[in-house]
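Enquirer: okay, here's the prediction I keep looking at, along with the sequence it came from:
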Amino acid sequence: MLVTLRKLVPNLHYGCTMLLAILAVPAARHLHLPTHLDWRGNLIFYWVTIGSRSLLYAMVFCLLAFPLRENLGLFWARYRREKSRALFILVFLALLLTVLPFTTAILSAGEALFVIELVERRKPDSHSLFRKAMTVFVPAIYFFVGVTLVAIYNDIIVADRFPLSYDTFLNRVDAIILGGRNISSISQAMCAIVPARLLTLLDYAYFQMFAVVGAGLLVISYGSYRRGMQLAGACLTAYYCALLIFYVWPSYGPYVLNATDAAPFPAFLTAYSLQTFALRSLQAISQHRMRYLASGYYISFPALHLPLPGIAMWFMRRWRKVFWLLAVYNCILVCAIVILGWHYIIDLVGGVGLGVLALGITGWGSSTSKEFQHNADALPNQG
(Lines give C-alpha, C1' and ligand atoms only; values in the text may rest on other atoms or scores of the structure.)
Protein backbone atom coordinates (compact mmCIF):
# COMPACT_ATOMS: atom_id res chain seq x y z
CA MET A 1 0.00 0.00 0.00
CA LEU A 2 2.78 2.40 0.95
CA VAL A 3 4.65 1.63 -2.27
CA THR A 4 1.50 2.40 -4.29
CA LEU A 5 1.02 5.70 -2.48
CA ARG A 6 4.64 6.65 -3.12
CA LYS A 7 4.03 6.20 -6.83
CA LEU A 8 0.59 7.82 -6.85
CA VAL A 9 0.99 10.91 -4.65
CA PRO A 10 3.87 12.59 -6.57
CA ASN A 11 1.83 12.28 -9.79
CA LEU A 12 -1.46 13.66 -8.46
CA HIS A 13 -0.94 16.86 -10.46
CA TYR A 14 -1.52 14.92 -13.71
CA GLY A 15 -4.95 13.83 -12.52
CA CYS A 16 -5.75 17.34 -11.28
CA THR A 17 -4.76 18.83 -14.64
CA MET A 18 -7.00 16.39 -16.50
CA LEU A 19 -9.92 16.94 -14.13
CA LEU A 20 -9.65 20.73 -14.30
CA ALA A 21 -9.49 20.58 -18.10
CA ILE A 22 -12.62 18.40 -18.29
CA LEU A 23 -14.65 20.58 -15.90
CA ALA A 24 -13.56 24.01 -17.17
CA VAL A 25 -16.18 24.49 -19.89
CA PRO A 26 -19.14 23.09 -17.85
CA ALA A 27 -18.16 25.29 -14.88
CA ALA A 28 -17.91 28.40 -17.06
CA ARG A 29 -21.27 27.70 -18.70
CA HIS A 30 -22.89 27.07 -15.32
CA LEU A 31 -21.84 30.57 -14.22
CA HIS A 32 -22.78 32.08 -17.62
CA LEU A 33 -19.17 33.02 -18.38
CA PRO A 34 -17.59 33.07 -21.84
CA THR A 35 -15.97 29.78 -22.81
CA HIS A 36 -13.29 31.13 -25.14
CA LEU A 37 -9.81 32.46 -24.36
CA ASP A 38 -7.61 35.13 -25.84
CA TRP A 39 -5.33 32.47 -27.29
CA ARG A 40 -3.26 34.92 -29.30
CA GLY A 41 -2.47 37.06 -26.26
CA ASN A 42 -1.82 34.05 -24.01
CA LEU A 43 0.48 32.34 -26.51
CA ILE A 44 2.47 35.49 -27.19
CA PHE A 45 2.83 36.24 -23.48
CA TYR A 46 3.93 32.72 -22.51
CA TRP A 47 6.00 31.58 -25.49
CA VAL A 48 7.40 34.89 -26.77
CA THR A 49 7.56 37.37 -23.88
CA ILE A 50 8.25 34.97 -21.02
CA GLY A 51 9.98 32.40 -23.23
CA SER A 52 12.57 34.79 -24.63
CA ARG A 53 13.38 36.22 -21.21
CA SER A 54 13.59 32.69 -19.77
CA LEU A 55 16.18 31.81 -22.42
CA LEU A 56 18.27 34.79 -21.35
CA TYR A 57 18.17 33.83 -17.68
CA ALA A 58 18.84 30.17 -18.54
CA MET A 59 22.01 31.33 -20.31
CA VAL A 60 23.05 33.24 -17.17
CA PHE A 61 22.37 30.15 -15.01
CA CYS A 62 24.51 27.98 -17.30
CA LEU A 63 27.36 30.49 -17.27
CA LEU A 64 27.27 30.52 -13.48
CA ALA A 65 26.80 26.78 -13.03
CA PHE A 66 29.63 25.51 -15.21
CA PRO A 67 33.29 26.49 -15.72
CA LEU A 68 33.57 29.52 -17.99
CA ARG A 69 36.87 28.38 -19.49
CA GLU A 70 35.46 25.06 -20.66
CA ASN A 71 32.12 26.28 -21.99
CA LEU A 72 33.16 29.62 -23.46
CA GLY A 73 36.38 28.01 -24.67
CA LEU A 74 34.47 25.60 -26.90
CA PHE A 75 32.33 28.47 -28.19
CA TRP A 76 35.31 30.71 -28.91
CA ALA A 77 37.29 27.94 -30.61
CA ARG A 78 34.39 27.11 -32.92
CA TYR A 79 33.99 30.71 -34.06
CA ARG A 80 37.74 31.14 -34.54
CA ARG A 81 37.81 28.10 -36.82
CA GLU A 82 34.75 29.16 -38.80
CA LYS A 83 34.99 32.90 -39.45
CA SER A 84 31.78 32.86 -41.50
CA ARG A 85 29.85 32.25 -38.27
CA ALA A 86 31.02 35.56 -36.86
CA LEU A 87 30.03 37.33 -40.07
CA PHE A 88 26.58 35.74 -39.91
CA ILE A 89 26.13 36.89 -36.31
CA LEU A 90 27.14 40.46 -37.20
CA VAL A 91 24.66 40.54 -40.10
CA PHE A 92 21.96 39.08 -37.86
CA LEU A 93 22.67 41.68 -35.16
CA ALA A 94 22.57 44.48 -37.75
CA LEU A 95 19.16 43.29 -38.92
CA LEU A 96 17.91 43.16 -35.34
CA LEU A 97 19.10 46.72 -34.72
CA THR A 98 16.96 47.95 -37.59
CA VAL A 99 13.74 46.71 -35.92
CA LEU A 100 14.54 46.56 -32.19
CA PRO A 101 15.99 48.94 -29.59
CA PHE A 102 19.73 48.52 -29.01
CA THR A 103 19.52 46.64 -25.70
CA THR A 104 16.75 44.34 -26.92
CA ALA A 105 18.68 43.56 -30.10
CA ILE A 106 21.85 42.68 -28.16
CA LEU A 107 19.92 40.42 -25.76
CA SER A 108 18.05 38.75 -28.63
CA ALA A 109 21.32 38.05 -30.42
CA GLY A 110 22.73 36.56 -27.21
CA GLU A 111 19.71 34.30 -26.85
CA ALA A 112 20.08 33.16 -30.47
CA LEU A 113 23.77 32.35 -29.90
CA PHE A 114 22.86 30.38 -26.79
CA VAL A 115 20.32 28.26 -28.66
CA ILE A 116 22.70 27.73 -31.59
CA GLU A 117 25.42 26.61 -29.20
CA LEU A 118 23.11 24.08 -27.54
CA VAL A 119 22.17 22.73 -30.98
CA GLU A 120 25.83 22.54 -32.03
CA ARG A 121 26.73 20.43 -29.04
CA ARG A 122 24.02 17.94 -29.97
CA LYS A 123 24.61 18.13 -33.72
CA PRO A 124 26.61 14.89 -34.18
CA ASP A 125 23.56 12.92 -33.06
CA SER A 126 20.39 14.20 -34.75
CA HIS A 127 18.20 11.72 -32.83
CA SER A 128 19.71 12.93 -29.58
CA LEU A 129 19.03 16.53 -30.64
CA PHE A 130 15.34 15.78 -31.26
CA ARG A 131 15.00 13.91 -27.96
CA LYS A 132 16.71 16.72 -26.09
CA ALA A 133 14.37 19.27 -27.66
CA MET A 134 11.40 17.19 -26.54
CA THR A 135 12.74 16.96 -22.98
CA VAL A 136 12.48 20.76 -22.88
CA PHE A 137 9.29 21.37 -24.84
CA VAL A 138 7.09 18.72 -23.21
CA PRO A 139 7.51 20.06 -19.62
CA ALA A 140 7.11 23.63 -20.97
CA ILE A 141 3.89 22.71 -22.79
CA TYR A 142 2.55 20.88 -19.75
CA PHE A 143 3.32 23.88 -17.55
CA PHE A 144 1.60 26.19 -20.05
CA VAL A 145 -1.54 24.03 -19.98
CA GLY A 146 -1.57 23.99 -16.18
CA VAL A 147 -1.01 27.73 -15.80
CA THR A 148 -3.75 28.43 -18.36
CA LEU A 149 -6.17 26.25 -16.37
CA VAL A 150 -5.22 28.13 -13.20
CA ALA A 151 -6.03 31.44 -14.92
CA ILE A 152 -9.37 30.03 -16.15
CA TYR A 153 -10.38 28.88 -12.68
CA ASN A 154 -9.31 32.22 -11.24
CA ASP A 155 -12.14 33.80 -13.21
CA ILE A 156 -14.57 31.00 -12.37
CA ILE A 157 -13.93 31.33 -8.64
CA VAL A 158 -14.10 35.15 -8.74
CA ALA A 159 -17.46 34.95 -10.56
CA ASP A 160 -18.77 32.53 -7.94
CA ARG A 161 -17.16 33.84 -4.73
CA PHE A 162 -16.06 37.47 -5.16
CA PRO A 163 -18.46 39.00 -2.59
CA LEU A 164 -17.21 36.50 0.02
CA SER A 165 -13.76 38.05 0.36
CA TYR A 166 -11.61 37.29 3.41
CA ASP A 167 -9.39 40.33 2.88
CA THR A 168 -10.65 42.09 5.99
CA PHE A 169 -9.78 39.06 8.10
CA LEU A 170 -6.28 38.77 6.60
CA ASN A 171 -5.74 42.50 7.12
CA ARG A 172 -6.55 42.02 10.80
CA VAL A 173 -4.13 39.12 11.04
CA ASP A 174 -1.45 41.34 9.50
CA ALA A 175 -2.20 44.03 12.07
CA ILE A 176 -1.45 41.51 14.82
CA ILE A 177 1.79 40.43 13.14
CA LEU A 178 2.90 43.99 12.34
CA GLY A 179 1.93 45.57 15.65
CA GLY A 180 -1.11 47.47 14.47
CA ARG A 181 0.10 48.41 10.99
CA ASN A 182 -0.87 46.85 7.67
CA ILE A 183 0.64 46.41 4.22
CA SER A 184 -1.25 49.37 2.76
CA SER A 185 0.13 51.83 5.31
CA ILE A 186 3.64 50.41 5.01
CA SER A 187 3.46 50.56 1.22
CA GLN A 188 2.31 54.18 1.25
CA ALA A 189 5.06 55.16 3.68
CA MET A 190 7.79 53.36 1.73
CA CYS A 191 6.70 54.74 -1.65
CA ALA A 192 7.03 58.23 -0.22
CA ILE A 193 10.70 57.77 0.75
CA VAL A 194 12.11 55.11 -1.64
CA PRO A 195 13.90 56.60 -4.68
CA ALA A 196 12.09 56.22 -8.00
CA ARG A 197 14.92 54.14 -9.47
CA LEU A 198 14.72 51.64 -6.63
CA LEU A 199 10.94 51.43 -7.03
CA THR A 200 11.45 50.75 -10.72
CA LEU A 201 13.96 48.01 -9.89
CA LEU A 202 11.56 46.37 -7.42
CA ASP A 203 8.72 46.63 -9.91
CA TYR A 204 10.88 44.98 -12.57
CA ALA A 205 12.06 42.23 -10.21
CA TYR A 206 8.50 41.37 -9.20
CA PHE A 207 7.43 40.65 -12.76
CA GLN A 208 10.58 38.68 -13.63
CA MET A 209 9.40 35.81 -11.43
CA PHE A 210 7.72 34.04 -14.35
CA ALA A 211 10.89 34.20 -16.47
CA VAL A 212 13.07 33.05 -13.55
CA VAL A 213 10.89 29.98 -13.04
CA GLY A 214 10.85 29.44 -16.81
CA ALA A 215 14.66 29.56 -16.91
CA GLY A 216 14.84 27.00 -14.12
CA LEU A 217 12.44 24.78 -16.03
CA LEU A 218 14.53 25.07 -19.22
CA VAL A 219 17.82 24.23 -17.50
CA ILE A 220 16.45 21.36 -15.41
CA SER A 221 14.47 19.90 -18.34
CA TYR A 222 17.50 20.06 -20.64
CA GLY A 223 19.44 17.99 -18.13
CA SER A 224 16.68 15.52 -17.26
CA TYR A 225 13.16 15.11 -18.64
CA ARG A 226 12.03 13.47 -15.41
CA ARG A 227 13.34 16.28 -13.27
CA GLY A 228 11.82 18.84 -15.62
CA MET A 229 8.39 17.26 -15.29
CA GLN A 230 8.89 17.06 -11.54
CA LEU A 231 9.68 20.79 -11.39
CA ALA A 232 6.63 21.63 -13.52
CA GLY A 233 4.55 19.27 -11.37
CA ALA A 234 5.73 20.86 -8.12
CA CYS A 235 4.82 24.36 -9.37
CA LEU A 236 1.41 23.18 -10.63
CA THR A 237 0.76 21.30 -7.38
CA ALA A 238 1.30 24.59 -5.52
CA TYR A 239 -0.99 26.37 -7.99
CA TYR A 240 -3.77 23.77 -7.66
CA CYS A 241 -3.61 23.80 -3.85
CA ALA A 242 -3.77 27.61 -3.97
CA LEU A 243 -6.89 27.38 -6.18
CA LEU A 244 -8.58 25.16 -3.61
CA ILE A 245 -7.71 27.55 -0.79
CA PHE A 246 -8.84 30.47 -2.94
CA TYR A 247 -12.24 28.84 -3.44
CA VAL A 248 -12.73 28.19 0.28
CA TRP A 249 -11.20 31.46 1.58
CA PRO A 250 -11.10 33.93 -1.33
CA SER A 251 -8.86 36.97 -0.88
CA TYR A 252 -7.51 39.36 -3.49
CA GLY A 253 -4.84 41.51 -1.88
CA PRO A 254 -4.51 44.76 0.07
CA TYR A 255 -5.46 46.88 -2.94
CA VAL A 256 -9.12 45.68 -2.85
CA LEU A 257 -9.77 47.11 0.62
CA ASN A 258 -9.39 50.64 -0.60
CA ALA A 259 -9.50 51.63 -4.26
CA THR A 260 -7.07 54.48 -3.51
CA ASP A 261 -4.32 52.15 -2.26
CA ALA A 262 -2.61 52.29 -5.65
CA ALA A 263 -2.58 56.09 -5.60
CA PRO A 264 0.90 56.56 -4.01
CA PHE A 265 2.53 54.48 -6.75
CA PRO A 266 4.13 56.47 -9.56
CA ALA A 267 2.14 55.99 -12.75
CA PHE A 268 5.18 54.57 -14.59
CA LEU A 269 5.19 51.46 -12.38
CA THR A 270 3.60 48.33 -13.80
CA ALA A 271 2.22 47.63 -10.32
CA TYR A 272 0.14 50.80 -10.53
CA SER A 273 -1.48 49.92 -13.84
CA LEU A 274 -2.02 46.24 -13.01
CA GLN A 275 -3.57 46.83 -9.60
CA THR A 276 -5.86 49.45 -11.13
CA PHE A 277 -6.75 47.00 -13.90
CA ALA A 278 -7.31 44.19 -11.38
CA LEU A 279 -9.91 46.24 -9.51
CA ARG A 280 -11.85 46.87 -12.73
CA SER A 281 -11.41 43.29 -13.88
CA LEU A 282 -12.66 41.81 -10.60
CA GLN A 283 -15.81 43.88 -10.84
CA ALA A 284 -16.31 42.94 -14.50
CA ILE A 285 -15.95 39.22 -13.75
CA SER A 286 -18.33 39.34 -10.79
CA GLN A 287 -20.88 41.09 -13.02
CA HIS A 288 -20.27 38.64 -15.91
CA ARG A 289 -19.16 41.43 -18.27
CA MET A 290 -15.88 39.80 -19.36
CA ARG A 291 -15.00 38.94 -22.98
CA TYR A 292 -12.55 36.10 -22.33
CA LEU A 293 -11.74 33.52 -19.68
CA ALA A 294 -8.28 33.53 -18.08
CA SER A 295 -8.27 37.31 -17.68
CA GLY A 296 -5.67 37.39 -14.90
CA TYR A 297 -4.41 36.05 -11.59
CA TYR A 298 -6.19 37.23 -8.43
CA ILE A 299 -5.18 34.86 -5.61
CA SER A 300 -3.80 36.69 -2.60
CA PHE A 301 -3.62 33.93 0.04
CA PRO A 302 -1.43 31.97 -0.29
CA ALA A 303 1.06 34.07 -2.25
CA LEU A 304 2.90 31.99 -4.85
CA HIS A 305 5.18 34.74 -6.11
CA LEU A 306 7.80 33.71 -3.56
CA PRO A 307 7.49 29.89 -3.42
CA LEU A 308 7.58 29.33 -7.20
CA PRO A 309 11.14 30.70 -7.63
CA GLY A 310 11.87 29.00 -4.32
CA ILE A 311 10.88 25.67 -5.88
CA ALA A 312 13.14 26.42 -8.87
CA MET A 313 15.94 27.31 -6.43
CA TRP A 314 15.47 23.98 -4.65
CA PHE A 315 15.72 22.03 -7.90
CA MET A 316 18.92 23.92 -8.81
CA ARG A 317 20.52 23.68 -5.39
CA ARG A 318 23.37 21.51 -6.71
CA TRP A 319 24.75 24.57 -8.50
CA ARG A 320 25.77 26.79 -5.60
CA LYS A 321 26.21 30.05 -7.52
CA VAL A 322 22.77 29.72 -9.12
CA PHE A 323 21.25 28.74 -5.78
CA TRP A 324 22.61 31.83 -4.02
CA LEU A 325 21.68 34.09 -6.92
CA LEU A 326 18.09 32.88 -6.64
CA ALA A 327 18.23 33.26 -2.86
CA VAL A 328 19.19 36.93 -3.28
CA TYR A 329 16.45 37.32 -5.89
CA ASN A 330 13.87 35.89 -3.47
CA CYS A 331 14.95 38.40 -0.81
CA ILE A 332 14.45 41.22 -3.34
CA LEU A 333 11.03 39.72 -4.17
CA VAL A 334 9.95 39.95 -0.53
CA CYS A 335 10.83 43.66 -0.51
CA ALA A 336 9.00 44.21 -3.81
CA ILE A 337 5.87 42.39 -2.60
CA VAL A 338 5.66 44.45 0.59
CA ILE A 339 6.66 47.87 -0.77
CA LEU A 340 4.40 47.57 -3.83
CA GLY A 341 1.48 46.32 -1.73
CA TRP A 342 0.82 43.07 -3.57
CA HIS A 343 0.21 40.70 -0.65
CA TYR A 344 -0.45 40.49 3.05
CA ILE A 345 2.37 39.26 5.28
CA ILE A 346 0.32 36.18 6.14
CA ASP A 347 0.09 35.47 2.40
CA LEU A 348 3.87 35.09 2.26
CA VAL A 349 3.90 32.77 5.27
CA GLY A 350 1.15 30.65 3.73
CA GLY A 351 2.89 30.66 0.36
CA VAL A 352 6.19 29.40 1.76
CA GLY A 353 4.35 26.64 3.60
CA LEU A 354 2.51 25.69 0.42
CA GLY A 355 5.77 25.62 -1.55
CA VAL A 356 7.31 23.22 0.98
CA LEU A 357 4.16 21.07 0.82
CA ALA A 358 4.28 20.96 -3.00
CA LEU A 359 7.92 19.89 -2.93
CA GLY A 360 7.10 17.23 -0.37
CA ILE A 361 4.20 15.88 -2.43
CA THR A 362 6.03 15.71 -5.76
CA GLY A 363 9.28 14.48 -4.27
CA TRP A 364 7.85 11.91 -1.87
CA GLY A 365 9.49 8.52 -2.26
CA SER A 366 11.97 9.67 -4.92
CA SER A 367 15.71 9.41 -4.71
CA THR A 368 17.29 12.57 -6.08
CA SER A 369 21.03 11.97 -5.74
CA LYS A 370 21.40 9.95 -8.98
CA GLU A 371 18.97 12.26 -10.78
CA PHE A 372 21.01 15.28 -9.72
CA GLN A 373 24.19 13.66 -11.02
CA HIS A 374 22.52 12.85 -14.34
CA ASN A 375 21.10 16.36 -14.55
CA ALA A 376 24.49 17.92 -13.92
CA ASP A 377 26.33 15.67 -16.37
CA ALA A 378 23.82 16.28 -19.16
CA LEU A 379 24.31 20.03 -19.38
CA PRO A 380 27.95 20.96 -19.89
CA ASN A 381 30.14 20.18 -22.88
CA GLN A 382 27.79 18.18 -25.04
CA GLY A 383 29.91 17.15 -28.02
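Expert: Cool, the structure landed.

Enquirer: mind listing the helices for the stretch 251-383 of the chain?
Expert: Secondary structure of the stretch 251-383 of the chain by DSSP state H, counting those that start in this stretch: the helices cover 270-286, 307-315, 320-339, 345-363, 369-378.

Enquirer: what does the average pLDDT come to for the fourth one?
Expert: When pLDDT is averaged over helix 345-363, the result is 93.

Enquirer: if we can go back for a sec, hey, which of the helices of the stretch 251-383 of the chain is tucked in deepest?
Expert: helix 307-315 (a mean of 24; mean count of other CB atoms under 10 Å). For the C-beta atoms, the positions are set from N, CA and C on the backbone; glycine is no exception.

Enquirer: between helix 320-339 and it, find me the angle.
Expert: 170 degrees (axes from the mean of the first three to the mean of the last three CA atoms, to 10 degrees).

Enquirer: could you say what helices and strands helix 307-315 packs with?
Expert: helix 209-223, helix 225-248, helix 320-339, helix 345-363 (3 or more CB pairs under 8 Å, 6 or more residues apart in numbering; DSSP states H and E).

Enquirer: circling back: can you list the helices of the stretch 251-383 of the chain in JSON lines and add distance to Asp174?
Expert: Output for those, formatted as JSON lines (distance: least, CB to CB, whole Å):
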{"stretch": "helix 270-286", "distance to Asp174": "17"}
{"stretch": "helix 307-315", "distance to Asp174": "19"}
{"stretch": "helix 320-339", "distance to Asp174": "11"}
{"stretch": "helix 345-363", "distance to Asp174": "5"}
{"stretch": "helix 369-378", "distance to Asp174": "39"}
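
Enquirer: grab the longest helix from the chain for me.
Expert: helix 126-161 (DSSP state H).

Enquirer: next one: that one to chain centre, how far?
Expert: Here helix 126-161 is found 11 Å from its chain centre; the criterion is CA atoms, centre = their mean, to the nearest Å.

Enquirer: renumber starting at 337 from here on
Expert: All right, first residue 337 from here; so that's helix 462-497.

Enquirer: which parts of that helix are buried?
Expert: 465, 468, 471-472, 475-476, 478-480, 482-497 (16 or more other CB atoms under 10 Å).

Enquirer: pLDDT on that helix, on average?
Expert: 88.

Enquirer: report the angle between that helix and helix 606-622.
Expert: 60 degrees.

Enquirer: just to revisit the earlier point, mean pLDDT lowest where, among the helices of the stretch 587-719 of the chain?
Expert: Among those, helix 705-714 carries the lowest mean pLDDT (a mean of 48).
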